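Undergrad: pasting the structure only:
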């Protein structure tokens with residue numbers, strides 16, 4: 001059973017002193033069924049860095065919900081669009097059998113993996129736009145930096161800051 005309360009987490013982490021992916025993200029993702037993240041920037045490369053943790057989250061039947069500024073590479077946009085187009089055509093249970101190869105896929109072919117995560121309903125991405133009182137898009141970016149990991153027992157690990 002996944003349980004965030006079993007992790008030996010520090011009260012704070014610094015990327016200067018610690019490998020954030022190995023010491024924080026992978027353990028938390030491995031004990032979670034839901035990962036909610038708000039960030040100024042998102043790249044498929046960042047997702048590939050935490051591939052091992054993402055695989056554990058998926059094996060737990062988990063999902064990732066992401067809100068980010070619309071500052072994406074053309075390749076990421078194409079992969080995101082492809083994933084949403086395929087979502088209705090793919091049955092998640094049949095894809096679940098292929099999880100053993102997904103970790104390597106996340107690392108080796110991050111754009112296909114990004115599309116696969118979206119298509120299999122394991123990842124949802126929403127873009128945050130700044131608007132004025134007349135609902136016109138304003139300059140500047142959404143720049144929140146926070147996240148919440150949740151396990152099936154109702155435990156949560158929340159954080160703020162960049163990785």
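TA: All right, it came through fine. All figures in this text were calculated on a predicted structure; none of them were measured in a lab.

Undergrad: I'd guessed residue 113 sits against residue 47; true?
TA: Yes. Under the criterion of Cβ atoms under 8 Å, residue 113 makes contact with residue 47 at 7.4 Å. Just so you know, the C-beta spots here come from the backbone N, C-alpha and C atoms, and that holds for glycine as well.

Undergrad: These two: who's more crowded?
TA: Using other Cβ atoms under 10 Å as the criterion, residue 113 and residue 47 rank with residue 113 on top: 24 against 20.

Undergrad: Phi, psi for the nearest residue to residue 85 once chain neighbours are set aside please.
TA: Spatial nearest neighbour of residue 85, excluding adjacent residues (Cβ to Cβ, 6 or more residues apart in numbering): residue 119 at 7.9 Å. With angles defined as degrees, to the nearest 10, residue 119 sits at phi -60, psi -30.

Undergrad: Just read off the phi/psi values of residue 126.
TA: The phi/psi pair for residue 126 (degrees, to the nearest 10) reads phi -120, psi 140.

Undergrad: Let me know how buried the nearest residue to it once chain neighbours are set aside is, in neighbour terms.
TA: Using Cβ to Cβ, 6+ apart and skipping residues adjacent in sequence, the residue nearest residue 126 is residue 67, 4.9 Å away. For residue 67, the neighbour count with other Cβ under 10 Å is 17.

Undergrad: Residue 67: helix or strand, and which one exactly?
TA: strand 63-68 (DSSP states H and E).

Undergrad: Residue 155 reaches residue 3, doesn't it?
TA: Yes. Look at residue 155 against residue 3 with Cβ under 8 Å: they come within range, at 6.7 Å.

Undergrad: which of the two has more neighbours?
TA: A side-by-side neighbour count of residue 155 and residue 3, using other Cβ under 10 Å, places residue 155 first with 16 against 12.

Undergrad: can you pull the contacts of that one?
TA: Going by Cβ atoms under 8 Å, 6 or more residues apart in numbering, residue 155 touches 3, 4, 5.

Undergrad: quick one on the thing from earlier: what about the residue nearest to residue 85, how many neighbours?
TA: 20.

Undergrad: now this structure, which segments are flagged as low pLDDT?
TA: Filtered on pLDDT under 70, the chain yields the residue ranges 88-108, 163.

Undergrad: try 90
TA: Regions of the chain meeting the criterion pLDDT under 90 cover residues 1-2, 13-21, 39-56, 58-59, 68-122, 125-145, 161-163.
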